[in-house]
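**Q** build me a model:
(2 chains)
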Amino acid sequence: MNRRTFFRRAAALPAVLSQGAEQGLPKYRVVSRYEPWPKPGMPGPLPGQVVAVHSEKAIDTQSEKVDVPTVREMMARGMRALTGDTDLRDAWARLFVPADVVGIKVNCSGAPGIMSTPEVVAEIVRNLNAVGVAPDRIWIYERFKSQMDSVHYDRYVPAGVHIEAAEGTRGAILKYDPNTYVEVNFFGEDDTRSNMIRVVSERFSKIINVPNMKDHGASGVTGCLKNIAYGDFSNVARSHMNTKTNTYSFIGTLATVEPLRSRTVLQIMDGLRGVWQGGPFSPNRKYRFYPKQMMFGTDPVAIDRLLLDIIDGKRKAEGAISVWDRSPEHLMKKPTAMPPDDPNLNRYVREPGHIEYAAGLGLGVYDLGKIRVKRIEL
Amino acid sequence: MIWFLLAALLPGLYWEQGVETAPALKKAGLQRVYVPAEHEQAWRAAGFTAVAFDPQRHAKAEAPGVQYRLSVASATSVPWIDANGWRFQRNVGKTWSYSVPARKAALAMAEPYAYGVDAVVRLDPPDLDLFARMLAFLRRIDRPRMPALANIGIVDDGSDVTGEVLNLLARRNLLFKVLMAPDPRYDLNVRIGSKEYPEEEAADPYTFAGKLRYQLTDEKRLVRIYGSDVVLVRLTGDGERARLHLINYANRRVNGLRVRMLGEYRAGELAAFGIDNAALLDYAARDGATEFTVPDIDTYAVVDLVKR
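**A** Predicted coordinates:
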C-alpha cells in the first residue's frame, strides 16, 4: 500500500466498522469522577428565560470599534433584567462569591475577525471584581493558544487575570484531564477519547460561557452549546469526516459531562458581531454582520434556539440556503478543509438539530412557545 | 517466564568517509564502526573496532518518518508513517541496512533497537553527534530482552497482501505476532485466504485492519494510546514485567501521550531520549488496566512496568 492509497482508504473507512456504532447514534461512554450539583448550572435556575439587549451604538460597523460605555450599559441592563435585581452587584452576587475561581470560556476560533469581544470580556471581569472575585481567581480560557494570542485579552483586563490556552501546540494533551473524558468511536479512528480541559475540572468553581453568534458548517450554528462543548474537550474534530458530522449528538453529550454542566452558571452571548456563512471562521468581512446585541441567561438551549433563527434569518435575507438544508445537491462534491466560499454550498450535512437534542438531555428549553424573551433596546 | 540473557545488539554506524575523519568519531565517543571493505584496515589501524560492511548485501530498511497531508486541516487526516517494524517481524534474523536523510538517525536507531534486530545506519554526517547521543541512551536503557506480546496472531504466507496487512496493523498499534500456524494464546488468529479472512478482503488492508480491531475489541487490546497518531508502540514482557517501547515518527516532540495497558502494573518507570528526569504522570492501575501519561516524547521512550 502506498501513501496515496492509504490516504484514500483512511478517508473512506466505512462507519460500519466503528466499534459500537450501530444504526443511529454513536455509542458514548462518559467517564467522570464528579457528581452533578443538585441544581446544575445548565439549565440553571432560569430555564427558558433569555434577556436580549440591543443597541445600535454597541459597535461601529465600519471601524468595528466597540463602544465600551454602551457595552457596560448593555451588560448591566441584561444582568439586572435576568435576575430581577435593581442593584447590579446583587445580580452578579447571585451567581458568584469572592471564594469562586471563575473560568470565562471565550471563543476565538474566528479571531481576529470575530471572537468573544475583549471589551465584553473585560466588562465581565470588572463585574466579577466588583463582587469580590479577585483578578487572580479569574481565568479567560480557550483551547488553542495561537487563536487566543491574536486577541490580546491581557490588554483589556487587570493584571493577575489568567489567560489560559489548553493547547500550546495543536494536539498537545497535557492540559487535559486524563480522568474526565467521553469515549466514542465515530469513524474507526484510533484515538477515541475527548478529554475535558484540566483547569475546568480541577480548578474552576464556576464558568461563564461567552460565545458569539455564528453560522457553523457542521453544526448549523455555533453558540452556547457548541462553545462550551467542543471548546472544553480535546480531539473533537474527529467527529466530522467527509460530509458526515456527529455534532448532532456529540455537542449535547459533551455539555452534560460533569463538572462542566454543573459549573457553567451563566451564558452571555456576544452578538456585537456575527458570521452568517463560513463559520466558525471569519477570515474577511464578506460574511460578517452586526446584530449589535447580547443575550443573557442560564439556559444554553434557549439562547441557541433564538440564535438559530437569527442566523437563518440573516442567511435568508442574503439569499443563502437555510442551515436546515440537507439536500445532496447543496453538498460540496469535493469537500475542502475550509468552509466553502459559497453560501449555497455545504461542507457537511449540517446538524442544527443538535440544539433540540441537547434539550432532550435536560440542558434547557427548545420549544419557542416556552421560551420567554425579555427584549431591551438601548 | 524466562528472561533472555542476551541484550540486543545496538545499532551500528556505517561510515563511508576516510580515516581522516577519525577525530570526529572519537569526539562523538564512537569506537565501533561499519565501513566499506577497502577502509577496514585503515580504521583498525586508527584504533577503531572496524567491520567491513556492504549495505547492498543486507536487507534494506525504509527511511522512517511521517508524511502529512498538508492540504487537509482535520483531525481525521491520519498521517502516513513509514515504519519498518512489520518487516522486522516477518524477516527474523536479518541484518538491516538504513540509509537516512538529515535528522533521521535517531529514529533509524530506535526502531531496530525496539524490535531487537541488528541494524547498521548510514546517516547524514552532521548527525554524528545525534547518533552518539542515541547510542548512549540505548546503552543506558539496555536490558535483557523479553518476548514480544501481542493480541493477534497472523499466519504469514509471505505474500505482499499479508505484508500490507502487517504494515497497517502496525500502523494502527494493533499488536501482532507473525506465526507459522495458529496459536491459541492469541485473542485472534488470522490466516489470510481462509473463509473468515478472504484474500479479497485483505487486499484492502486499511479496512481489513479495522475489521480485526472490531473483532478483537478495544477492551482486549494490550496497549492503547491517546493523544498522538504518530507514535507506534511495541510491547515485550514475561508475565511479571513489561517494557513498552514508544517510537515517535514525527519531526517534532509529542507533548503528552496517554497510554492504557491491559493488566495492573504496580509501578512504571520512564526513560525518554533527549529528556532529563523524565517521569510518568497521572499513573493509575485499577479495574484490570494501567494508565499513565508520558509528558514528552522526542524520538523514543521506554516504559518499564512491574506487575502487582
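**Q** for the lengthiest strand in chain A, what is the average pLDDT?
**A** Within chain A, and with DSSP state E defining each element, the longest strand by residue count is strand A:264-275. Within the predicted structure, the mean pLDDT of strand A:264-275 is 98.
**Q** and what of stretch A:281-298?
**A** Stretch A:281-298 shows a mean pLDDT of 96.
**Q** point to the residue nearest the middle of chain A.
**A** Using C-alpha atoms, centre = their mean, the residue of chain A that lies closest to the mean C-alpha position is A:Asn227, 1.5 Å off.
**Q** distance check, it against chain B.
**A** Counting by C-beta to the nearest C-beta, to the nearest Å, the separation of A:Asn227 from chain B is 18 Å. C-beta here means a position set from N, CA and C on the backbone, and glycine is covered the same way.
**Q** that residue against A:Ile104, yeah?
**A** No - A:Asn227 is not in contact with A:Ile104 according to C-beta atoms under 8 Å; the separation is 11.3 Å.
**Q** quick check: neighbours shared by these two?
**A** With contacts taken as C-beta atoms under 8 Å, 6 or more residues apart in numbering or on different chains, A:Asn227 and A:Ile104 have A:Val210 as neighbours in common.
**Q** domain parsing for chain B?
**A** The record's domain parsing of chain B by automatic domain parsing lists B:2-69+B:76-141, B:152-220, B:223-306.
**Q** worst mean pLDDT among those domains?
**A** Looking at the domains of chain B, the lowest mean pLDDT belongs to domain B:2-69+B:76-141 (a mean of 92).
**Q** now do that domain: distance to the chain's middle.
**A** 13 Å (C-alpha atoms, centre = their mean, to the nearest Å).
**Q** A:Asp312 sits in which helix or strand?
**A** Element membership of A:Asp312 [criterion: DSSP states H and E] is helix A:300-317.
**Q** still on that earlier bit, of all the domains of chain B, which one is nearest A:Val121?
**A** Among those, the nearest to A:Val121 by C-beta to C-beta is domain B:223-306 (27.1 Å).
**Q** what's the spacing between the closest one and its chain's center?
**A** The chain centroid and the centroid of domain B:223-306 are separated by 13 Å, computed with C-alpha atoms, centre = their mean.
**Q** how about stretch A:321-335?
**A** For stretch A:321-335, the distance between its averaged C-alpha position and the chain's averaged C-alpha position is 23 Å (C-alpha atoms, centre = their mean).
**Q** show the end-to-end separation of that stretch, please.
**A** With C-alpha to C-alpha, to the nearest Å as the measure, stretch A:321-335 spans 18 Å from end to end.
**Q** what mean pLDDT does it have?
**A** This predicted structure assigns stretch A:321-335 an average pLDDT of 94.
**Q** on that earlier part again, which elements pack onto the helix holding A:Asp312?
**A** strand A:49-54, strand A:212-216, strand A:220-222, helix A:224-229, strand A:264-275, strand A:293-297, helix A:354-360 (3 or more C-beta pairs under 8 Å, 6 or more residues apart in numbering or on different chains; DSSP states H and E).
**Q** still on that earlier bit, just the pLDDT for the residue nearest to the centre of chain A.
**A** Per-residue pLDDT puts A:Asn227 at 98.
**Q** let me see the contact set for it.
**A** By C-beta under 8 Å, 6+ apart, the residues touching A:Asn227 are A:105, A:107, A:209-212.
**Q** out of the residues you listed, the closest to A:Asn179 would be?
**A** For A:Asn179, the nearest member of these is A:Lys105. The distance, counting by C-beta to C-beta, is 20.5 Å.
**Q** neighbours of A:Thr336, how many?
**A** Residue neighbour count, defined by other C-beta atoms under 10 Å in any protein chain shown, stands at 12 for A:Thr336.
**Q** so how far is chain B from the closest residue in space to the residue nearest to the centre of chain A that isn't next to it in sequence?
**A** Beyond its immediate neighbours in the sequence, the residue positioned closest to A:Asn227 (C-beta to C-beta, 6 or more residues apart in numbering or on different chains) is A:Pro211, lying 3.7 Å away. Counting by C-beta to the nearest C-beta, the gap from A:Pro211 to chain B is 21 Å.
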